[in-house]
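Novice: Below: sequence and its predicted model.
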Amino acid sequence: METTSFLLLRLAIAISMFGHGLVRLPKLVSFSNWMVGSFENSMLPKIIITPFSYILPIAEFAIGLFLLLGIFTKPSLVAGAVVMLILLFGTSMIENWEAIPSQLIHIAFFALLLHFADYNSWAIDTLIKK
């Protein structure tokens with residue numbers, strides 16, 4: 001039963017990350033422009049925000065895809081948590097307090113899954129180990 005619970009949680013966070021990346025990739029330039037505009041009045045310089053705004057959708061998509069497939073699961077969980085921590089910092093810098101609970105929930109999912117990674121039996125990682 002634990003392996004099924006782990007799978008459901010892994011798929012939930014995977015779909016969220018995959019979906020975020022998937023919808024942003026086709027409109028990468030407009031997403032970047034939106035993000036840079038959101039940070040205009042923050043302490044963070046445009047030279048940092050611009051490259052991050054292009055990397056973020058790719059990272060979300062890749063992390064989500066890896067977690068959907070169950071490949072590179074532990075590194076993907078760590079990468080997902082790091083992405084969310086960066087987003088959490090950025091969200092604080094623009095005082096978008098409404099977005100913080102969602103980001104904290106994502107971080108909690110990543111941490112919980114990483115803690116119980118031994119239950120990751122429905123995954124390509126498991127097939128590779130055999």
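Specialist: Done, it's in. Numbers count the residues shown, from 1 in each chain.
Novice: can we go C-alpha only for contacts and neighbour counts from here?
Specialist: OK.
Novice: residue contacts, the residue positioned nearest the centre of the chain?
Specialist: Nearest residue to the geometric centre of the chain (CA atoms, centre = their mean): Gly80, 4.1 Å. By CA atoms under 8 Å, 6 or more residues apart in numbering, the contact list for Gly80 reads 60, 63, 107, 110.
Novice: show me the contacts for Met17.
Specialist: Neighbouring residues of Met17 by CA under 8 Å, 6+ apart: 60-61, 63-64.
Novice: between those residues, which is nearest Ala14?
Specialist: Within those, distances to Ala14 taken as CA to CA reach their minimum at Gly64, with 4.2 Å.
Novice: Tell me which helix or strand the closest one sits in.
Specialist: Gly64 is part of helix 46-69 when elements are defined by DSSP states H and E.
Novice: Show me what that helix packs onto, helices and strands only.
Specialist: helix 2-24, helix 28-38, helix 73-93 (3 or more CA pairs under 8 Å, 6 or more residues apart in numbering; DSSP states H and E).
Novice: Determine which of these approaches Ile47 most closely.
Specialist: Proximity to Ile47, assessed across the helices and strands packed on helix 46-69 by CA to CA, is greatest for helix 28-38 (9.6 Å).
Novice: and the closest one with helix 46-69, angle?
Specialist: Relative orientation of helix 28-38 versus helix 46-69 (axes from the mean of the first three to the mean of the last three CA atoms, to 10 degrees): 130 degrees.
Novice: Packing partners of helix 28-38?
Specialist: Using 3+ CA pairs under 8 Å, 6+ apart: helix 28-38 touches helix 46-69.
Novice: which parts of the helix it packs on are buried?
Specialist: 49-50, 52-54, 56-69 (16 or more other CA atoms under 10 Å).
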